[in-house]
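Visitor: sequence unknown, structure follows:
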Ligand code: ZN
């Protein structure tokens, strides 16, 4: 069939994602499939490359190295900051996440690791950085991206006209 996964197609997937230790990190099933636009870098490169050319109904187990996944852990993103750098209204607790912008305007999601007195230890690495990812994927649907989706560079739910 001509309807295989290629750039500009919107793909719906059922999948599970396990980390290096086999712990389930994320999943989607046929009732609530995961949608993405192929070639738009919405998913990690190792998975996107492995899905290229698949058809509806295909199943695949994909192992993705950190390099083709969320990258290696960057020690420079583990920081200690002062409590006073947070707004007073924020109740800090370990595990909470917040967004910060680096000097070059990139947004980074930090996770609060621990709090010691006035010191807050934070980590801007993706929780899956440094991990080998195990994807178990089933292709549920493939359709052409709408003009709107192409303009936005990402998939919209349903037939592509439903706006997010
Ligand atoms: Zn959009």
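Guide: Nice, I can see it. Predicted, not measured: the structure shown is a model, and the values here were computed from it. Residues are numbered from 1 along each chain as shown.

Visitor: Any idea how many residues pack against residue 98?
Guide: Close neighbours of residue 98, defined as other Cβ atoms under 10 Å, add up to 13. (C-beta placed from N, C-alpha, C; glycine too.)

Visitor: Can you say which helix or strand has the residue nearest to it when sequence neighbours are not counted in it?
Guide: Spatial nearest neighbour of residue 98, chain neighbours left out: residue 110 (5.7 Å); criterion: Cβ to Cβ, 6 or more residues apart in numbering. Residue 110 belongs to strand 107-116 when assigned by DSSP states H and E.

Visitor: now residue 136
Guide: In the assignment (DSSP H and E), residue 136 maps to strand 133-144.

Visitor: Quick one: mean pLDDT for the strand holding residue 110?
Guide: For strand 107-116, mean pLDDT is 93.

Visitor: Sheet partners, orientation included, of that strand?
Guide: Strand 107-116 has its sheet partners listed here by DSSP bridges as strand 97-101 (antiparallel), strand 119-123 (antiparallel).

Visitor: I'd like the distance from that strand to the chain centre, please.
Guide: 18 Å (Cα atoms, centre = their mean, to the nearest Å).

Visitor: same deal with stretch 3-12?
Guide: 18 Å.

Visitor: Other residues contacting that stretch?
Guide: Outside stretch 3-12, the residues that touch it by Cβ atoms under 8 Å, 6 or more residues apart in numbering are 33-39, 51-56, 139-145, 149-150, 155, 160.
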